[in-house]
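Asks: Everything below, folded, please.
(one chain, ligands or ions: 2)
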Amino acid sequence: MKKSELISEINRLKIEKNAVIMAHYYQIGDIQDIADYVGDSLSLAQWAAKTEADIIVLCGVHFMGETAKILSPKKKVLVPDINAGCSLADSCPADEFETFVRSHPDHTVISYVNTTAAVKALTDVVVTSTNAKRIVDQFPNDAKLIFGPDRNLGNYINSVTGRSMLLWDGACHVHEQFSVEKLVKLKLEHPGSLIIAHPECKKTVLLMADFIGSTQALLNYTTQSEKKSFLVATESGILHEMQKKNPEKEFIPVPPNDSTCACNECNFMRLNTLEKLYNCLLNEIPEILIDEEIREKAVKPILRMLEMS
Ligand code: 13P
Ligand code: SF4
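Replies: Ligands and ions are numbered 1, 2, ... in the order given. Got it, this is the predicted structure:
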């Protein structure tokens, strides 16, 4: 099918089936353009909790589909590619996390949304990169806290809140890959540019950044800033919306290490295509299904996050 036919078929099926398409900012531009909602992890969870649609098609990665299903168990939640996982979620197996949590029984467990439903079921409150600081700040200064699974985000939140949360040693393979050497070179070539970075990046990159924030915060910052050029250290999918909102500004992706590529893409996010989105709406598979016992435990820390956001 031609791209224009795929787009009109997706739009037809969406209406016929009372479906809603939600996409993360790291999706390919064509998927962001056809989606009803495009946002960061927090916005996707908030929309999934509120939607009146019968079917949610979550164009992102598996844990995002799970979060939508946990919040809206009566709805059918579909994902274009069931193999779209997340290296950060994979860096925190539930059985190992459970051992860690049990060995610190007096600690409150804070988990990043980039986790499996089974890890969320072991958690007291979920956070995203948009609300992590706000939520951690709501605990007393002497509270004993565990933060998992992202060590870079955890270190960053410790530094901006003055906490010493115990950190799980996990990371995202995309955000850990930015090359400081190439970033320095880009800054020398574009001295007027501001460096903006996602807190999942390593400390060496964050130390060079003029602004650190979640994908939504980075987007807002570039839109509000009077500066005209930005070196962007996060997954390059966000450049689509940045450029759309700010056609007169220049966005330069920061490249990864060990690669000749100019930008840094999440191979999991890029598994989703317009064709897979069409097939998923047509056949109503792959569907996200979650064990009810796990879902009932996992929904509590997500609802707590939504209340504390
Ligand atoms: P946010 O959408 O919270 O910025 O998270 C980025 C990310 O890595 C999603 O996988
Ligand atoms: Fe996971 Fe990193 Fe890909 Fe986000 S960018 S989905 S954290 S692997």
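
Asks: Next secondary structure after the helix or strand hosting residue 48?
Replies: Using DSSP states H and E, residue 48 falls within helix 41-50. Of the helices and strands lying after helix 41-50 in sequence (DSSP H and E), the nearest is strand 55-59.

Asks: State the mean pLDDT of that next one.
Replies: Mean pLDDT, strand 55-59: 98.

Asks: Which strands or helices does that strand pack on?
Replies: strand 19-24, helix 41-50, helix 62-71, strand 76-78, helix 274-283 (3 or more Cβ pairs under 8 Å, 6 or more residues apart in numbering; DSSP states H and E). Heads up, the C-betas are built off the backbone N, CA and C, glycines and all.

Asks: and residue 251, which of those is closest to it?
Replies: The closest of these to residue 251 is strand 19-24. By Cβ to Cβ, the value is 17.7 Å.

Asks: Does anything pack onto the lengthiest helix in the chain? Which helices or strands?
Replies: Longest helix in the chain by number of residues (criterion: DSSP state H): helix 292-308. When contacts are defined as 3+ Cβ pairs under 8 Å, 6+ apart, helix 292-308 packs onto helix 41-50, helix 62-71, helix 117-120, strand 125-127, helix 132-136.

Asks: Run through the chain and note the low-pLDDT ranges.
Replies: Within the chain, the stretches with pLDDT under 70 are 259-263.

Asks: contacting residues around the most centrally placed residue in it?
Replies: Closest residue to the average C-alpha location of the chain: residue 41 at 4.5 Å, with Cα atoms, centre = their mean. Residue 41 makes contact with 24, 64, 67, 113, 114, 128, 129, 130, 214, according to Cβ atoms under 8 Å, 6 or more residues apart in numbering.

Asks: Return the member of those nearest to ligand 2.
Replies: Closest to ligand 2 out of the contacts of residue 41 is residue 114 (4.9 Å), distances taken as Cβ to the nearest ligand atom.

Asks: Tell me how many other residues surround residue 116.
Replies: 24 (other Cβ atoms under 10 Å).

Asks: same deal with residue 177?
Replies: Residue 177 has 18 nearby residues by other Cβ under 10 Å.

Asks: Okay, it and residue 256: tell me how far apart.
Replies: Residue 177 sits 4 Å away from residue 256, going by Cβ to Cβ, to the nearest Å.

Asks: Now do the shared contacts for the two.
Replies: Both residue 177 and residue 256 are in contact with residue 264, where contact means Cβ under 8 Å, 6+ apart.

Asks: what residues does stretch 100-107 touch?
Replies: 109, 122, 144, 145, 146, 148, 166, 168.

Asks: go with 6 Å
Replies: With Cβ atoms under 6 Å, 6 or more residues apart in numbering as the test, stretch 100-107 has contacts from 109, 122, 144, 146.

Asks: Can you get me the start-to-end distance on it?
Replies: 11 Å (Cα to Cα, to the nearest Å).
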